[in-house]
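Participant: Quick one, fold the following:
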Amino acid sequence: MSPEDAVVKKQAREQKDARVRGVTSIQEMREAIKRAGRDLPVISAVPRLDMLDAAAFRMRAAKGLPFVITGLVGKWPLSALTPQALRDRFGELHVRARVGDYINTAFAPDRAMQDMSLLAYLELVANDTQELPPYLGNLELRELNTLCHWPAYFNKMGPPRFWLGPAGTVTPLHCDYDDNIFAQIWGTKRIFLSPPHHDEFLYPREANAILFGSPFNPEAPDFEKFPLARQAAMIECIMQPGELLYVPAGWYHQVRSLTFSLSANRWARALPLALNGDASLKAG
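Facilitator: Numbers count the residues shown, from 1 in each chain. So this is what the prediction gives:
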């Protein structure tokens, strides 16, 4: 593909992304999120709240800060499913595993992937001794959708995405410019969060218009290589089974499984709630 063709393809994707979200420009939306971030209060912990209805959720989310909702995901049928039942009922599902060094290639188009059945993946990780175990990440597993009862917090949502793997699986630091609800179904995960306007300290690299990665690792900070990262706020949140995390659009996050873990998430496909319906960003 020529450089000119690549530019045309990139522009076409950004225009499609903007139409899906009902905004005139993804770039202007990103900049608005970062401007709004500068007015956020400093937080040192992610608050945990009891179940919220849609109106209460949106009111809270409009503040632009992450929070955890308890008492919701634990009621899903999938939460009651055991790993053995997952093997028995869904072992034949086709999955695509992240293998090799999928951290340093996380946002590259040629990340190493391996196709297999879910049963083969579970057997692989049971016998694997690598420091970075293979990971099932960001997969649509439609057969599991009926076992999840997602709240109608967003008017428009993308399909559920599932994340399955043993302790040690990692999604490196990145931000999505869509609001996100993240359900911790089994196991425990550690998530580091940093506000949108701190991207200036995190050496961001564009994967696409709504996804930016960072080479900085908050779990093993290298301030000699990334000196600006000293100024980035990092908030640690340990997600327990049955909890739902709201990650506002533009917030950087890194996720590590501390135990064998099953999670799922959905991204909104609309103007982020923290922008409070900014009319200047909406497509006519």
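Participant: in the stretch 101-250 of the chain, which spans are strands?
Facilitator: Here the stretch 101-250 of the chain has its strands, by DSSP state E, counting those that start in this stretch, at 113-117, 136-139, 161-165, 170-176, 180-186, 189-194, 205-208, 211-213, 235-239, 243-247.
Participant: So which elements touch the first one?
Facilitator: Translated: strand 113-117. The helices and strands touching strand 113-117, judged by 3 or more C-beta pairs under 8 Å, 6 or more residues apart in numbering; DSSP states H and E, are strand 94-98. Using the backbone N, CA and C atoms, a C-beta is placed for each residue, glycine as well.
Participant: tilt between the strand it packs on and strand 170-176?
Facilitator: Relative orientation of strand 94-98 versus strand 170-176 (axes from the mean of the first three to the mean of the last three C-alpha atoms, to 10 degrees): 90 degrees.
Participant: Which elements pack onto strand 94-98?
Facilitator: strand 113-117, helix 118-127, strand 136-139.
Participant: Reformat these as TSV; add mean neighbour count.
Facilitator: Listed next are the helices and strands packed on strand 94-98 as TSV, based on neighbours: other C-beta atoms under 10 Å:
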stretch	mean neighbour count
strand 113-117	14
helix 118-127	16
strand 136-139	18
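Participant: Same list, those, but as a markdown table with mean pLDDT and distance to Ala97 please.
Facilitator: Formatted as a markdown table, the helices and strands packed on strand 94-98 follow (pLDDT from 0 to 100; distance: least, C-beta to C-beta, whole Å):
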| stretch | mean pLDDT | distance to Ala97 |
| --- | --- | --- |
| strand 113-117 | 95 | 5 |
| helix 118-127 | 93 | 5 |
| strand 136-139 | 96 | 6 |
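Participant: of the ones you listed, which approaches Asp179 most closely?
Facilitator: Nearest of these to Asp179, taken as C-beta to C-beta: strand 136-139 at 16.6 Å.
Participant: Can you verify Ala56 is assigned to a helix?
Facilitator: Yes - when DSSP: H, G, I helix; E, B strand; the rest coil is applied, Ala56 is found to be in a helix.
Participant: returning to that earlier point: export the strands of the stretch 101-250 of the chain as TSV, with columns for distance to Ser261.
Facilitator: Below are these laid out as TSV (distance: least, C-beta to C-beta, whole Å):
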stretch	distance to Ser261
strand 113-117	19
strand 136-139	10
strand 161-165	6
strand 170-176	11
strand 180-186	6
strand 189-194	6
strand 205-208	24
strand 211-213	21
strand 235-239	9
strand 243-247	12
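Participant: between these, which one is nearest to Ala283?
Facilitator: strand 205-208 (19.3 Å).
Participant: returning to that earlier point: among the strands of the stretch 101-250 of the chain, which comes closest to His149?
Facilitator: strand 180-186 (10.1 Å).
Participant: What's the mean pLDDT across that closest one?
Facilitator: For strand 180-186, the mean pLDDT works out to 98.
Participant: Show residues contacting that strand.
Facilitator: 73, 76, 78-79, 83, 148, 150-151, 153-154, 239-249, 260-268 (C-beta atoms under 8 Å, 6 or more residues apart in numbering).
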